[in-house]
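Colleague: How does the following fold in three dimensions:
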Amino acid sequence: MECANVFPVELVVIDDLPSVPQPPAAQRRNNLDRDCTGKAANTMKRSFILLMLVLGSTEANRCTDVDGVLKQIDAGNGMVFGVNASGSVYARAGNSWILFPGNLKHVTVGPAGVWGIGQNMDVYQLVAGTWFPVTSERLVQVDAGGERFVAGVDRFGSTLCLSQEELGQVGRNRSLNFRSVGSRMRYLSCGPLGCWGVTLAKDVYYRLNVRPSACLGTSWARVFGKFQMIEVATDGHVFGVSITKQLYMRKGITADKPTGWGWTKVQIGNLRFRHVSWDLGHLWLLRDNGLVVRCSHTDNS
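Modeller: Alright, predicted model coming up:
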């Protein structure tokens, strides 16, 4: 049963994240953002447009508490999975959580299927309701949101991936080897336009030229901001939880400019968060205490 708490939603268009020193190049970029933003009336107008495009109109959008306490959550391809502090795995079915078999510390769902990380950092794929080990690699985080490829991070922060071709061998070879992407990250998330990573220092980077057949990409491009995690949705939306546990959405993302051009702060009441995921018009969030919040857009047309 859904909880009764309903939270107001406010979008604030900002040029950069507060309380983070800016290098000269980032400052010049922010000046360009200000030129595009214009006066306060234009800022309010763009806030409304962003709200309409991402979360729907204010009349149709609402954020409410959802039953359950989770450690991590992921949504994609019309499914929602989560794990709690004891490792129990849950999937969302209607307005309820269904207990799944297995004991995991991390779960992900997307175009590449449903994958999980066991308590011993083993990597599994969910096949016909059973978790099958697929590699000898030990990971702490995995992401299935890429276009039919899987990426992840090991305990040393190394970034790794399995390409579309390699995934095709999963059914025949249960000991696939992830390929090294390079660089040190604490979190990695991929979508239709590529992969975003958060370093151990909580800086944000975008991986250039990532494709299903070439998941390694070519190089990293710095994106301004300090974040705990970045989550890329199946439809390409990018959300992040900042070092101050506030929710942000990346604006201006296109195929020609996959890193976008700025961050929008999404203020939901006075809540602070530790995890975010987005799919099919639903924003799934974990509060700092593990309580689940869902922001939904109902199309009344």
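
Colleague: all contacts plus neighbour counts: C-alpha atoms, from now on.
Modeller: OK.

Colleague: At which residues are the strands of the stretch 201-301 of the chain located?
Modeller: Applying DSSP state E, counting those that start in this stretch to the stretch 201-301 of the chain gives strands spanning 203-207, 220-232, 238-242, 247-251, 262-268, 273-279, 282-287, 291-297.

Colleague: repeat for the stretch 1-150 of the chain
Modeller: With DSSP E, counting those that start in this stretch as the criterion, the stretch 1-150 of the chain has strands spanning 6-7, 9-13, 61-69, 72-76, 79-83, 88-93, 96-110, 113-118, 123-127, 130-133, 139-143, 150-154.

Colleague: Nearest to residue 223, out of those?
Modeller: For the strands of the stretch 1-150 of the chain, the distance to residue 223 is smallest for strand 9-13, at 16.9 Å, taking Cα to Cα.

Colleague: pLDDT of the closest one, averaged?
Modeller: The pLDDT scores in strand 9-13 average 56.

Colleague: circling back: how about the strands of the stretch 1-150 of the chain, which one is nearest residue 194?
Modeller: Closest of those to residue 194 is strand 150-154, at 10.8 Å (criterion: Cα to Cα).

Colleague: Toward the C-terminus, what is the element adjacent to that closest one?
Modeller: Counting by DSSP states H and E, the element after strand 150-154 in chain order, helix or strand, is strand 158-162.

Colleague: okay, that next one in PDB with CA atoms only?
Modeller: The C-alpha coordinates for strand 158-162 follow below in PDB (Å, rounded to 0.1, in the frame of the first residue of the first chain):
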ATOM      1  CA  SER A 158      38.700  -0.100 -12.600                       C
ATOM      2  CA  THR A 159      35.900   0.300 -15.200                       C
ATOM      3  CA  LEU A 160      35.000  -2.700 -17.400                       C
ATOM      4  CA  CYS A 161      32.500  -3.700 -20.100                       C
ATOM      5  CA  LEU A 162      31.100  -6.500 -22.100                       C
END
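
Colleague: measure the closest residue to residue 159 other than its chain neighbours to residue 121 for me?
Modeller: Setting aside the residues directly before and after it, residue 159 is nearest to residue 153 in space (Cα to Cα, 6 or more residues apart in numbering), at 4.7 Å. For residue 153, the distance to residue 121 (Cα to Cα, to the nearest Å) stands at 11 Å.

Colleague: Show me whatever sits in contact with both of those two.
Modeller: Contact with both residue 153 and residue 121 is made by residues 139, 140, according to Cα atoms under 8 Å, 6 or more residues apart in numbering.

Colleague: So which of these two has more stuff around it?
Modeller: Taking other Cα atoms under 10 Å, residue 153 and residue 121 do not tie; residue 153 has more neighbours (25 against 19).

Colleague: list the contacts for that one?
Modeller: 139, 140, 141, 142, 159, 160, 185, 186, 187, 188.

Colleague: Dump the strands of the stretch 201-301 of the chain to JSON lines, plus mean pLDDT.
Modeller: Below are the strands of the stretch 201-301 of the chain laid out as JSON lines (pLDDT from 0 to 100):
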{"stretch": "strand 203-207", "mean pLDDT": "96"}
{"stretch": "strand 220-232", "mean pLDDT": "95"}
{"stretch": "strand 238-242", "mean pLDDT": "97"}
{"stretch": "strand 247-251", "mean pLDDT": "95"}
{"stretch": "strand 262-268", "mean pLDDT": "92"}
{"stretch": "strand 273-279", "mean pLDDT": "96"}
{"stretch": "strand 282-287", "mean pLDDT": "96"}
{"stretch": "strand 291-297", "mean pLDDT": "88"}
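
Colleague: Of those strands, which is nearest residue 128?
Modeller: Nearest to residue 128 among the strands of the stretch 201-301 of the chain is strand 273-279 (22.5 Å), distances taken as Cα to Cα.

Colleague: what are the bridge partners for the residue nearest to residue 159, then?
Modeller: Here residue 153 sits in beta bridges with residue 141, residue 159, going by DSSP bridges.

Colleague: which stretches of the stretch 51-200 of the chain have low pLDDT?
Modeller: The model of the stretch 51-200 of the chain has pLDDT under 70 over residues 51-61, 168-175.

Colleague: now with 50?
Modeller: 51-60 (pLDDT under 50).

Colleague: residues touching the residue nearest the centre of the chain, list them.
Modeller: Residue closest to the average C-alpha location in the chain (Cα atoms, centre = their mean): residue 231, at 1.4 Å. With contact taken as Cα under 8 Å, 6+ apart, residue 231 is in contact with 188, 189, 190, 196, 238, 239, 240, 276, 277.

Colleague: do residue 272 as well
Modeller: 244, 245, 246, 247, 287, 288.
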